[in-house]
Each structure stands twice: as structure tokens, then as C-alpha cells.
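1. Okay, here's the prediction I keep looking at, along with the sequence it came from:
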Amino acid sequence: MGFPTAPMVTIAFKDLALSNAAQRGMPHERICFTPHPVWGKTDEEMYAYLEGNDPVSGRPLMKEVIGALTNPLTPEELKVGEVSVSTGPETFADTEDNLQQYYIDNGMTDFMQIVLPTQERVAAMLKGTSHKPDEMVGKMAPARGSYPEWSYTVKQVAINAVMAGAKPEYFPTILAIAASGLTALSSSTNSFAVAAVINGPIRDKLNMNYGIGAMGPFAQPNAAIGRAWTMLSRNLSNSGIPGQTYLGTLGNGVNYNNLIIPENEKASPWTPLSVQKGFKPDENVVSLFVGFSIAQGQGGVGLGVKPVPYYHQAIAYNCTPFGPLFGALIVLDPLVAQGLVELGYKTKEELADWLQKNQTISAKDARSTLFGSRWVPDPKTPDDARIPYYQRPDSYNFVVVGGQTNPYHMVANMSYRVSVSIDQWA
Amino acid sequence: MNRRNMLSLLGISPALLAGESLGAQKAKKVEAPSSAGQIVALNPKGLPPPIQLVPMAKRLNSLEGKTIYLVSDGFPGADRFLAQIALWFKKNMPSVTTVYRLKAGAFADDDPKLNAELKANGNAVIMAIGH
């Protein structure tokens, strides 16, 4: 900032604060620590923090703050120059069992056994793309803007694809995900999850499952592509180090291999998601989402209405716990999509328009949430005013998938981020 | 975890940050986990950018009579916590003037307008970061 500054951070984020300061070029930054948490404490409790000690130094906190702003700088604090960061040797040599444990112990896996990335296996993976091994694919960080972005080559993505159990024919899809720069292991304390919707003929070419159990562990391409996203996020962007680059307090089981959703285009009465995003129907595309997670949609109001349940009402009801931070990704079995057509929603856009107008919250309730000022920025808005959950219909996205064993849907508080051509990475 | 262990985990040499040259670090050979291995496997890591060391800003001789900006990055509770710091200065160092500001943009975004205001009117910053 160019000013004497005393950053104040709670003790729970000590490792994050110290590592971030080092990576941003201030390894000796004078960070002052308070007890944790601050959020949810009374004014009196917060003042008591100030009268107490810095839990790291053990010295009076406000003395630390004043010292951070007034103590003369040391030679280390004035140092300039460039420092390289090592990620270790290019190869590791040992027995298979030792290597498996080495990769796990050094945080390079999802803590399950991997396929060891030998030269031969990586060479075979590289045959799945026409791109050169040393071509740069993209940049990624545990949270954009908050951490340094790491970059990576086609070969480095291939190493991670091998480790996840992918076949070479899956590699263009994995490269497209990597090229998005979107980590599967966001650093947020919220324990976020991600989703990848896949459209185009590649779904059949790879034998992806978009029928019964599509989002579950029932098909190799779905499973391996999803796992590769987590693996490459961990290794290519330094995401997923608990306490430093991962702060999700509860964690999220979806992070193991993420929500991989090949759209059931044959059974869907609507336009594929990729076409909505500007691609042609015969293009292979992966569209990425990030947000809190996914929840089942049964039990919503309107589902008992006959002869066709009011699925639109049920979707609106099931999105009630959503906040304005992320949009809505609605995952529908084809039977639900067909039911919605019978109710008059001939397109996904018509359904989005209805939801945008009819899914509302009172200004009073919105104000009582964590992000009240974002939802109701005008303090003059009356308490009983109805506020749309989202300002734009395209905050709602729909994907049709599943095996039609029953008309069920799920709702994910997730925002659309980007669509990437898979064909460009073939 | 102490700072030294933290830097080692990040792949940053604590010795280098203490004064060793970049060239000296590059010349070091990193050992593989075992020299008697039957399988050779590749390192899956990406390419971290080099770190540009940033010298810290000149400190003040004293806070007496100075203006300190109390800046929140917008996390819940930070505004109330900074209000308690303002109260602490009022009680314990009344010659200090405190000014509260909410930084614009997302948590990690720069706020050029606020920076200009700090430069014109402030002497130091206390910044509440995170929860």
C-alpha cells in the first residue's frame, strides 16, 4: 500500500496469513493476531481482545499494533529482489508402495491411491491431444486475486490426468477444464463445490453416463474426469492445503470428484446448455459452475398437485435457502423437464423468467441475512417489499440429466462461470 | 507452525529470503525420496511464479497526533471490530485521530480511490482482514 500498515488477522488464519504474505513478497510482514472469531462477538468481547495478548507473540495486542507501525524496519524487511519457488525434483524414484505413500504424504493426491504417473503412461496420455507437451494451458489460483496464480503445461495436466485414472481419450475434456483456470478446491471458508456440464457428441464417444445415476460413481469417464479436476487443482495451482490455501471449515465430499453432468440431450425437450451459451449443437463443450453445493429437491411445495405436479413452484421452493452470492443450477430428470413443458414452459428461458419474477424474499428477511446490503442496497426499501432472489433470469441455469426412474430434481446454489470448447484441446 | 517451516512447505527457501542469492538456490540439487527405486514417476506440480520481494513502507516515529485509517475488507464483523479499536485509541491515546473506511470491491481487490485518500490525509493504516 505504501503506508505503514498493521494487518490484523484472527489466529485461525495464521498459516494462511503468513504464507500469503510470503508469497506476495513480504515474508516478514508485521501481522498482528487476535483471538478467533471476531464475527458473532459482542462489542465488549471484541474490546477484551484488544486488552489481551496477541495469541502468537504472547505480548499485549495493541502494543503489537503500535509496534508494527512505529518500530524501525530491519534489513530483512527492506530487502528487494526476486526469489524462485521450488516444487521439488522432476521425478521421484522408489518402490510402488513407497511412491504411493510419498504422493499421499506430500499432499499431491485426494488421499486415495493413484495411478503412478510414469513416463510411459504420461506419454500415452499426451497422445490424446494434438497440443505440444510444453504448451502453456492456463493459470489457476486457490482464489483468484487472493493468491499467486500458478501456470501449467499440457504435460503437467497430463501427469495429473494419469494420476486420476483417466484414459487418453478423456484428455481433451480435462485440458478444457484446466484451461478454464477454475479451481475445484476454492480456498473459501464456505467449503465450495464445483460442477462441469458436458455437451456434444463426445458424451457418447467417451461412453459417459447421462442416464441412471449420472452424477454418481457409475462410469469411468465421469469419475476420472471429475477426479482429475480435483487432482490438477491441487497440484497445478497449490489449492487444497488445509489452513493455507483451503479454509473450508466443514469440507465437502463433492470435492473428491466434483459434479460431472453430461446433459441427457436425447431425452431433453429443451436446448442443450452449451447452445444456450452460444455454441453449436455438434460442438463438444464443458460449462463450469461454482457455488455452495447441491441438494435434493423432493418435498417441495407443489409436487403433490395433479395431474402434473407444479415443478416450477417446487424448484422455487427448494431454492429458498439460497443466498445472492451464487446463482441457481437446477438439475432435472427428463421426466421433470417434460412435465414442465406440459405446464407451458417450452424453453429453459421461459422457466428462468418465471423463477426470476416469482422467487422472492421480503426485504426484512433479506436484510437479516449475511449479505443483506448486497440483496437490499437501498435502506429506504420497505420491509415488506418483495425482493427477487436474482436480478437476472440467466442466474438460473438448467441441465437435464438422469435415467427417468422417477421425476426428481436437485438444486445447486451455484453460478455459471465459463464454457470451454473441448474440441480446441483435441 | 512457525514462519521458517511455513516457507519451507511453500517451496521458498528461508535461507534465501534471509539473504542467499537466487543463483545459489538454483544450484542446489533436490534429492528424490529414495535412490533405490524400481519405478520412476513424474512430479505433478505446476509452475509457481517467482516472488518479487517488496520492501515495507517507512514506519512512523510515534503515533502521537497522527491520523490512522481503520480499513475493513468487508468480512462480517470487521466494521464493529474496528469501531472497538477506535474506542481503544480514544481511551488510551486520545491524540490519535481514527477514520473508518470500507475498502471497495471484492476482498482482495485494490481500491485506488481509498489509496489516494490515505495518501492525502492519513499517516498509517490498521487493516482488518478476514473474519
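-> All right, it came through fine. As the structure is a prediction and not an experimental result, all values here were calculated from the model.
2. make it CA atoms for all contacts and neighbour counts henceforth
-> OK.
3. Could you verify my assumption that residue B:42 touches residue A:115?
-> No: here residue B:42 does not reach residue A:115: they are 11.3 Å apart, not a contact under Cα atoms under 8 Å.
4. what helix or strand does the nearest residue to residue A:259 once chain neighbours are set aside sit in?
-> In this structure, residue A:259 finds its nearest non-sequential neighbour in residue A:195, 4.4 Å apart by Cα to Cα, 6 or more residues apart in numbering or on different chains. Counting by DSSP states H and E, the element that carries residue A:195 is strand A:193-199.
5. before we move on, back to that, could you give the number of residues near the residue nearest to residue A:259?
-> 27 (other Cα atoms under 10 Å in any protein chain shown).
6. before we move on, back to that, please name the strands paired to the strand holding residue A:195 in the sheet, noting orientation.
-> Using DSSP bridges, the neighbouring strands of strand A:193-199 in the sheet come out as strand A:259-262 (parallel), strand A:285-296 (antiparallel).
7. Show me what whatever helix or strand comes next after the longest one is packed against.
-> So the one you mean is strand A:285-296. From strand A:285-296 onward toward the C-terminus, using DSSP H and E, the following helix or strand is helix A:311-318. Packed against helix A:311-318 by the contact rule (3 or more Cα pairs under 8 Å, 6 or more residues apart in numbering or on different chains; DSSP states H and E) you find helix A:334-342, helix A:348-358.
8. Ok, which of those helices comes nearest residue A:37?
-> Of all those, it is helix A:348-358 that lies closest to residue A:37, at 36.0 Å by Cα to Cα.
9. which residues are contacting that closest one?
-> By Cα atoms under 8 Å, 6 or more residues apart in numbering or on different chains, the surrounding residues in contact with helix A:348-358 are A:270-271, A:312, A:316, A:345, A:388-394, A:396-398.
10. In PyMOL, how would I select just the buried ones from these?
-> Per 16 or more other Cα atoms under 10 Å in any protein chain shown, the buried members of those correspond to this PyMOL selection:
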select buried, chain A and resi 270+271+312+316+345+388+389+390+393+394+396+397+398
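11. Just the ones in helices from the contacts of helix A:348-358, please.
-> A:312, A:316 (DSSP state H).
12. so which of the contacts of helix A:348-358 comes closest to residue A:290?
-> Within those, the smallest distance to residue A:290 is 12.3 Å, found for residue A:397 (Cα to Cα).
13. what's the neighbour count on whichever residue of chain A sits closest to chain B?
-> Chain A approaches chain B most closely through residue A:94 (3.1 Å), counting by Cα to the nearest Cα. Residue A:94 sits with 19 neighbouring residues when counted by other Cα under 10 Å.
14. Okay, it and residue A:160: tell me how far apart.
-> Separation of residue A:94 from residue A:160 (Cα to Cα, to the nearest Å) stands at 19 Å.
15. which phi and psi does the closest residue to residue B:45 other than its chain neighbours have?
-> Nearest non-adjacent residue to residue B:45, counting by Cα to Cα, 6+ apart: residue A:235, 4.6 Å away. Residue A:235 adopts backbone torsions of phi -90, psi -30, taken as degrees, to the nearest 10.
16. Quick check, pLDDT for residue A:235.
-> Reported pLDDT at residue A:235 in the predicted model: 98.
17. wait, isn't it in contact with residue A:108?
-> Yes: taking contacts as Cα under 8 Å, residue A:235 lies within contact range of residue A:108: 6.1 Å.
18. Need the residues touching each of these two.
-> Residues touching both residue A:235 and residue A:108 (Cα under 8 Å, 6+ apart): residue B:44.
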